[in-house]
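**Student:** what would the 3D arrangement of this be:
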Amino acid sequence: MAIEYDKKKKYSPEELMEMAYQESLFSIPEHDHKPDPLVGAILTTSDGKILATSHRGELRIGEHCEFTLIERKLKSDNLKGCHLYVTLEPCIDKVRKPPKRGCATHIYKARLAKVYIGIRDPDIAIENEGANELISKGIIVEDFHSDIAERIRLSLAEFINYKEAQKLIIQQEREDKPIAYLKQAVINTTIFQFSKTAIDEFIKNSQATFTYPSQAFNDWALSFELATKDGETIMPTKLGLMLFGEHADYTLSHTIFKIELDYGNGKAEIEDFGGPVATQLPRIMKFIKDKGLKLTIDRSSAKREIVSDFPIEVLREVVANAIIHRDYTITEATNYLYIGSEKIIVRSPGIPMPPLTIDDIRTMDLPSISRNPKIMFVYNRMGLAEARGIGLRNMKRLPDRGFPLPTFNLIGNILEIVFVRDSSLIPELKGVSPEDLTPEDREGLFFIQQKELVSVKEYASHFGLTDKTAQRRIAKLFDKGLLEKVGENRWIKYRIKN
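**Tutor:** Residues are numbered from 1 along each chain as shown. This is a model prediction of the structure:
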């Protein structure tokens with residue numbers, strides 16, 4: 001079976017992503033002893049006409065759908081400039097037995113122009129490698145929208161769990177390669193410097209069968225690269241000391257999470273959170289839940305609507321992401337959280353993970369790429385990290401709760417996220433003086449942010465205006481650099497400019 005489609009219709013990228021997902025559900029497994037992935041793919045012209053669809057094992061058991069499309073169904077076609085939609089990251093040559101080639105090779109040899117990927121392959125030998133190989137060949141790589149990617153991830157839950165389990169026992173590093181930063185031993189330390197409280201919390205939530213201290217724990221710590229051996233001596237790695245060290249910040253001071261609460265009138269409170277990174281999040285949230293989010297906005301001299309306290313779950317996700325995904329090789333900077341009456345700022349060391357850019361981050365529609373998968377694993381097992389993508393989806397819903405969307409900035413190698421606690425402050429974030437906008441302008445700006453994309457007719461209908469008046473108000477916001485256009489001619493819509 002396969003999905004049905006109109007050969008003459010030009011489908012949108014969103015429609016093709018959904019159709020590729022539906023196609024994946026027809027995949028045919030090839031193994032009895034291990035789970036196989038469900039994978040669907042669609043090849044289209046550059047303007048969205050479908051040339052062919054395929055799913056894993058469609059024509060032959062075990063055959064990858066990219067190969068089926070390019071080398072079987074469309075072998076005689078000139079595919080230069082075409083687009084591919086595939087639910088799982090294409091594999092690479094090194095994971096295929098010769099004479100078989102990786103799907104990435106078939107793709108770039110066919111001279112495709114763009115590949116849309118549902119989720120990255122959880123196989124440790126492929127994750128991000130397939131996408132990077134395509135990019136290195138000049139192919140544009142984009143990711144599926146997060147809601148479709150999440151459904152793909154759910155459909156592959158068994159396969160993903162199987163691959164995640166493999167990661168725990170695979171030793172990637174060869175002896176002739178430099179030891180990665182987090183895998184380096186911390187000299188003059190011992191495994192007994194781990195926090196029993198932190199490890200017991202991990203054991204309780206992950207349902208591990210070992211205790212600490214014990215030989216079983218040592219064996220797990222060595223296999224998971226929390227510890228390493230020097231002869232018969234077991235000592236923590238930087239990853240191990242960072243996650244579970246009783247006084248991790250004594251040796252690795254950059255693991256401290258700095259928090260500043262600004263009460264106004266020159267009054268502030270500063271607190272540093274060190275110790276085990278594995279337990280940083282609940283300690284931080286306990287500190288700020290009552291103090292930080294009860295700071296109120298002084299509206300005595302401005303006409304601003306009263307809004308509720310900032311959503312705690314959004315702040316929790318941002319803090320968790322800063323802990324999990326920061327670049328710990330940047331030792332001269334720490335994570336930082338500022339909470340004031342009008343703004344909340346989070347700064348985390350590390351540029352976006354390639355191939356992501358700051359512009360990709362601003363879309364808040366990202367693939368599941370983790371800079372520190374083992375920290376993510378520990379946080380996930382401890383119930384401190386939600387399913388991937390939930391935090392960003394919560395951010396995108398902020399306008400529904402009366403708050404503007406955040407802004408994302410890259411300051412050197414520091415990623416900064418700025419939230420405002422009042423929708424009337426959106427223009428200030430964009431460098432526009434408050435006096436330059438009327439209350440109607442501000443209300444219109446917030447409406448556009450809530451809707452993400454708005455046409456002149458939609459704007460006019462919402463505010464009960466004529467099209468001409470709506471166009472004039474939108475043009476004013478556009479001229480001030482607050483909006484950008486999407487589409488052309490009569491299909492033009494407007495959104496907040498990043």
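
**Student:** just the element for the residue lying closest to Thr209 once chain neighbours are set aside, please.
**Tutor:** Closest residue to Thr209 apart from its sequence neighbours, by Cβ to Cβ, 6 or more residues apart in numbering: Ala216 at 7.3 Å. (Each C-beta comes from the backbone N, C-alpha and C, glycine too.) Using DSSP states H and E, Ala216 sits within helix 215-223.

**Student:** likewise Thr53?
**Tutor:** strand 50-55.

**Student:** cool, Ile270 as well?
**Tutor:** Ile270 belongs to strand 267-273, assigned by DSSP H and E.

**Student:** any idea which helix or strand comes after that strand?
**Tutor:** Beyond strand 267-273 toward the C-terminal end (DSSP H and E), the next one is helix 280-291.

**Student:** remind me which residues of this protein are low pLDDT?
**Tutor:** 168-177, 292-309, 366-369, 386-393, 422-431, 434, 450, 498 (pLDDT under 70).

**Student:** circling back to that earlier point, what lines up beside the strand holding Thr53 in the sheet?
**Tutor:** strand 40-44 (antiparallel) (DSSP bridges).

**Student:** what does the partner strand contact?
**Tutor:** With contact meaning Cβ atoms under 8 Å, 6 or more residues apart in numbering, strand 40-44 is reached by 11, 16, 19-27, 50-56, 65-66, 68-70, 74, 79, 82-87, 112.

**Student:** looking at those, which are in helices?
**Tutor:** 16, 19-24, 65-66 (DSSP state H).

**Student:** out of the residues you listed, who has the most neighbours?
**Tutor:** Of all those, the highest neighbour tally under other Cβ atoms under 10 Å goes to Cys65, namely 31 neighbours.

**Student:** my read: that residue touches Val86, true?
**Tutor:** Yes. If you go by Cβ atoms under 8 Å, Cys65 and Val86 touch, sitting 7.0 Å apart.

**Student:** can you dump the C-alpha coordinates of the helix holding Ala216 into PDB?
**Tutor:** What follows is helix 215-223 as a C-alpha-only set of coordinates in PDB (Å, rounded to 0.1, in the frame of the first residue of the first chain):
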ATOM      1  CA  GLN A 215      31.200  -2.600  42.200                       C
ATOM      2  CA  ALA A 216      28.000  -2.600  40.000                       C
ATOM      3  CA  PHE A 217      27.900   1.200  40.100                       C
ATOM      4  CA  ASN A 218      31.600   1.400  39.300                       C
ATOM      5  CA  ASP A 219      31.000  -0.900  36.300                       C
ATOM      6  CA  TRP A 220      28.100   1.300  35.100                       C
ATOM      7  CA  ALA A 221      30.100   4.500  35.600                       C
ATOM      8  CA  LEU A 222      33.000   3.100  33.600                       C
ATOM      9  CA  SER A 223      30.700   2.000  30.700                       C
END
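
**Student:** tell me the buried residues in that helix?
**Tutor:** Residues of helix 215-223 classed as buried: 217-218, 220-222 (neighbour count, 16 or more other Cβ atoms under 10 Å).

**Student:** do the same with stretch 370-386
**Tutor:** 370, 372-382, 384-386.

**Student:** got it, and stretch 409-420?
**Tutor:** 414-415, 417-420.

**Student:** quick check, nearest of those to Ile344?
**Tutor:** Phe419 (4.3 Å; Cβ to Cβ).

**Student:** got the contact list for the closest one?
**Tutor:** Phe419 neighbours (Cβ under 8 Å, 6+ apart): 310, 314, 343-345, 398, 403-404, 406.

**Student:** what about 10 Å?
**Tutor:** Applying Cβ atoms under 10 Å, 6 or more residues apart in numbering, one finds that Phe419 lies in contact with 310-311, 314-315, 318, 339, 342-346, 395, 398, 403-407, 429.

**Student:** just Asp272 next, same as before
**Tutor:** 249, 253, 256-259, 334 are the contacts of Asp272 under Cβ under 10 Å, 6+ apart.

**Student:** can you pull up the bridge partners for it?
**Tutor:** Bridge pairing for Asp272 - DSSP bridges - gives Lys258.

**Student:** wait, Arg151 sits on Phe144?
**Tutor:** Yes. With contact defined as Cβ atoms under 10 Å, Arg151 counts as touching Phe144 (9.5 Å).

**Student:** pull the residues that contact stretch 67-80.
**Tutor:** Counting by Cβ under 10 Å, 6+ apart, 41-43, 45-46, 51-60, 63-65, 82, 84, 86, 90-91, 96, 100-103, 105-107, 109-113 sit against stretch 67-80.

**Student:** walk me through the domains of the chain.
**Tutor:** 13-166, 181-246, 254-425, 434-496 (automatic domain parsing).

**Student:** reformat those domains as a markdown table; add distance to Met1.
**Tutor:** As requested, those are exported to a markdown table (distance: least, Cβ to Cβ, whole Å):
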| stretch | distance to Met1 |
| --- | --- |
| domain 13-166 | 5 |
| domain 181-246 | 39 |
| domain 254-425 | 28 |
| domain 434-496 | 35 |
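
**Student:** deepest in the core, which of these is it.
**Tutor:** Across the domains of the chain, averaging neighbours per residue (mean count of other Cβ atoms under 10 Å) puts domain 13-166 on top, at a mean of 19.

**Student:** pretty sure Asn469 is touching Ala460, no?
**Tutor:** Check again: residue 469 is Thr, not Asn. Yes. Counting by Cβ under 10 Å, Ala460 is a contact partner of Thr469 at 7.2 Å.

**Student:** ok, back up a step: now do the helix or strand just after the helix holding Ala216: which elements does it pack against?
**Tutor:** Sequence-wise, the next helix or strand downstream of helix 215-223 (DSSP H and E) is strand 227-230. Applying 3 or more Cβ pairs under 10 Å, 6 or more residues apart in numbering; DSSP states H and E, we find strand 227-230 packed against helix 215-223, strand 233-236, helix 238-244.
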